[in-house]
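Visitor: have a look at this prediction, sequence included:
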Amino acid sequence: MRAQWLYLPAALAASTSGYATTYLSVEQAQSAIFPGATFQTETIALTADQRSAIEKASGVRVRNAELKVWRASTGGWFIVDEVLGKHEFITYAVGLDSGGAVHGLEILDYRETYGGQVRNAAWRAQFSGKTSAAHLKLDDDVKNISGATLSSRHITDGVKRLLATYDLVLKQR
Amino acid sequence: MISCSSNVELRRARPLLGTLVEITGLGANGSVVEEALQAAFAEIDRVQRVFSYHDSTSELSRLNREAACRTLLVSDWMWELLTFSAEIFRASAGAFDPVIAPILERAGLLPRNHSSLATDSGTSFADVYFVLPRCVRFGKKLRLDFGGVAKGFAVDRAVDVLIESGVEAGCVNAGGDVRVFGDRDWPISIRHPGQPGSHVPILNLRDGAVATTANYAARRRLRGRWVAPVVSPGSGRPWLGRSSISVCAPSACVADALTKVVALRGAAASRSVLEKFSAEAHVLPSRRGHAPNLSEGLK
């Protein structure tokens, strides 16, 4: 092991605030979760009744009425979802097999800000559409951070909500 | 920046161990690295199934339910983490002690899965009996939690899988417990404890691990008092320090365990146990603009 501790300037002003990193584009996640499949996008907007049914079944709030869903040619569904933590905004993808069970999960983007912007829809909107493969190398900010704060509970809750969404909406299609 | 000859670098993240686990792998062959990352995440999932306190079907949960009543044969991993814990328990004179589950349950930091089971008072890891070849029994009614070391253990197992699978250099980061390997330096940042949204570059690390313990995320009020996840096993009192403590060690398991010791005892008093495990500590104070305390007497 070799550990070179860095001299920290007395001001400790160091540091960037906020952090954003991308792991996978939507297309890359599709082929990671369902290798070899092709995908058919479906436009699904949840009705108010569907939203409350999903909330009731999963115990998790439905923040977006619009689902980002694709049907996989090999059977199953590919869904892109987003969750908000206290300071984090995470988009991720879940693959459900033809029985509605989780087949795979990949984080697409992780964004963090301590300024409270996470709750601001306009702030979040600036990131949508930035997940094409071409952007990945250019925008990528890579940091190895020791001392994280994140609990993955929001993602786990998101998956619960998506499973209920499958049961109540996607299964019938 | 990368000194080895790999031309493929992949980074993935998954929710595991109650946090986000990020794995970076470098190698010459894209599909080898891809499969290796997949296998490493699967290994972490396996570690979770053994040691999760939240999962009532985990091996740990079974141990907690039954080991006070009967001698149990445990898995290789459970044996390894139990014997490792015993070593750190002894070396730290009890500052590191997994027998803190009931304290954390009362603080609302662990679920009360076993709330019907009473525990004896005044228990410690010395009440965990090891019976060769691989059996364990609790001499008193107690409950173990490996939250202070299981992430580090999972990181080490994931690194083993990456190396076995042919990845040339890599980094596994489980909620801030980081281990790197391969012929290159990895820049590591930590959160400024006074402003956790700011990241401070602190370290260039090669072939080793770093873990950081701090209270900015986990400290909270419960019924008029502060609770936090690092507690003194003897008194049950939480460590409420505002500084950030990072420990570097050859393995993530050691780094993880020793952050708790340094938090509770201080860097100076932990010097001999740090040296024994070839580890180093660095304490970052929370006050903005304050010059760093480069871990008294250590590197």
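Guide: Received, thanks.
Visitor: select the longest strand from chain A.
Guide: For chain A, the longest strand by residue count, based on DSSP state E, is strand A:102-112.
Visitor: so is it next to chain B?
Guide: Yes: applying Cβ under 8 Å from any Cβ of the partner chain, one finds strand A:102-112 in contact with chain B at A:L105, A:E106, A:I107, A:Y110, A:E112. All C-beta atoms are positioned from the backbone trio N, CA, C, and that covers glycine.
Visitor: show me what counts as buried in that strand.
Guide: For strand A:102-112, a neighbour-count test (16 or more other Cβ atoms under 10 Å in any protein chain shown) marks A:H103, A:G104, A:L105, A:E106, A:I107, A:L108, A:D109, A:Y110, A:R111, A:E112 as buried.
Visitor: again, but for stretch B:147-165
Guide: Quick answer for stretch B:147-165 (16+ other Cβ under 10 Å): B:147-159, B:161-163, B:165.
Visitor: and stretch B:163-183, C-alpha only, in PDB?
Guide: Only the C-alpha atoms of stretch B:163-183 are listed here, as PDB (Å, rounded to 0.1, in the frame of the first residue of the first chain):
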ATOM      1  CA  ILE B 163      -8.400  -9.600  -9.600                       C
ATOM      2  CA  GLU B 164      -9.300 -13.200 -10.100                       C
ATOM      3  CA  SER B 165     -11.400 -12.300 -13.100                       C
ATOM      4  CA  GLY B 166      -8.400 -10.600 -14.800                       C
ATOM      5  CA  VAL B 167      -9.100  -6.900 -14.100                       C
ATOM      6  CA  GLU B 168      -5.700  -5.100 -14.100                       C
ATOM      7  CA  ALA B 169      -6.600  -2.100 -12.000                       C
ATOM      8  CA  GLY B 170      -9.700  -1.100 -10.200                       C
ATOM      9  CA  CYS B 171     -11.500   0.700  -7.400                       C
ATOM     10  CA  VAL B 172     -14.400  -0.500  -5.300                       C
ATOM     11  CA  ASN B 173     -16.300   2.200  -3.300                       C
ATOM     12  CA  ALA B 174     -19.000   1.000  -1.000                       C
ATOM     13  CA  GLY B 175     -20.600   4.100   0.500                       C
ATOM     14  CA  GLY B 176     -17.200   5.700   1.100                       C
ATOM     15  CA  ASP B 177     -15.200   2.600   2.000                       C
ATOM     16  CA  VAL B 178     -12.800   2.500  -0.800                       C
ATOM     17  CA  ARG B 179     -10.200  -0.100  -1.900                       C
ATOM     18  CA  VAL B 180      -7.900   0.300  -5.000                       C
ATOM     19  CA  PHE B 181      -5.600  -2.100  -6.700                       C
ATOM     20  CA  GLY B 182      -3.300  -2.200  -9.700                       C
ATOM     21  CA  ASP B 183      -0.200  -0.400 -10.800                       C
END
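Visitor: average pLDDT for it, rounded please.
Guide: The pLDDT scores in stretch B:163-183 average 97.
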